[in-house]
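# pasting the sequence and the predicted coordinates here, then a few questions.
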Amino acid sequence: MKPGGKLVSLTQLPSAEKAAQYGVTAKFNSKFPTSEDLYTIAQLIANGSLRSEIDSIFPLSEANQAHAKSEARHGRGRILLDVRSV
């Protein structure tokens, strides 16, 4: 994220100290996302305004390894399961 960017967390209250350290605005969205919210996010991803870093993609049969990597907190970015690999 670039300085001046906006971080919106859907799972937990983001750290105000870390936000200040990196020069970003951080907010917590405590409401449940609506279909309109999800559509807006999809459009931001489609036009390149929003990016999500992917650390790794595991086949569904290796969900236990994906979970172990997530719990170890050594990944950088999203850890995904590919359900098409069943």
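Ah, there it is.
# list the buried residues of the helix or strand containing residue 68.
Here residue 68, judged by DSSP states H and E, is contained in helix 63-72. Neighbour counts using 16 or more other C-beta atoms under 10 Å place 66, 69 of helix 63-72 among the buried residues. Using the backbone N, CA and C atoms, a C-beta is placed for each residue, glycine as well.
# check stretch 77-86 too.
Applying a neighbour-count criterion of 16+ other C-beta under 10 Å, one finds residue 79 buried in stretch 77-86.
# and the next helix or strand past the helix holding residue 68?
strand 78-82.
# what residues does that following strand touch?
52-60, 63, 66, 69-70 (C-beta atoms under 8 Å, 6 or more residues apart in numbering).
# pLDDT weak spots in the protein?
30, 85-86 (pLDDT under 70).
# state which helix of it is the longest.
helix 35-46 (DSSP state H).
# so what secondary structure elements neighbour it?
Under the contact criterion of 3 or more C-beta pairs under 8 Å, 6 or more residues apart in numbering; DSSP states H and E, the helices and strands touching helix 35-46 comprise an empty set.
# pull it out as CSV, backbone CA atoms only.
This file holds the C-alpha atoms of helix 35-46, laid out as CSV (Å, rounded to 0.1, in the frame of the first residue of the first chain):
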residue,chain,number,x,y,z
SER,A,35,-24.0,-7.1,-2.5
GLU,A,36,-23.4,-3.5,-3.5
ASP,A,37,-20.3,-3.4,-1.4
LEU,A,38,-19.0,-6.6,-2.9
TYR,A,39,-19.8,-5.3,-6.4
THR,A,40,-17.8,-2.1,-5.7
ILE,A,41,-14.8,-4.1,-4.5
ALA,A,42,-15.0,-6.3,-7.6
GLN,A,43,-15.0,-3.2,-9.8
LEU,A,44,-12.0,-1.8,-8.0
ILE,A,45,-10.1,-5.1,-8.5
ALA,A,46,-11.2,-5.3,-12.2
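# thanks a lot, see you next time.
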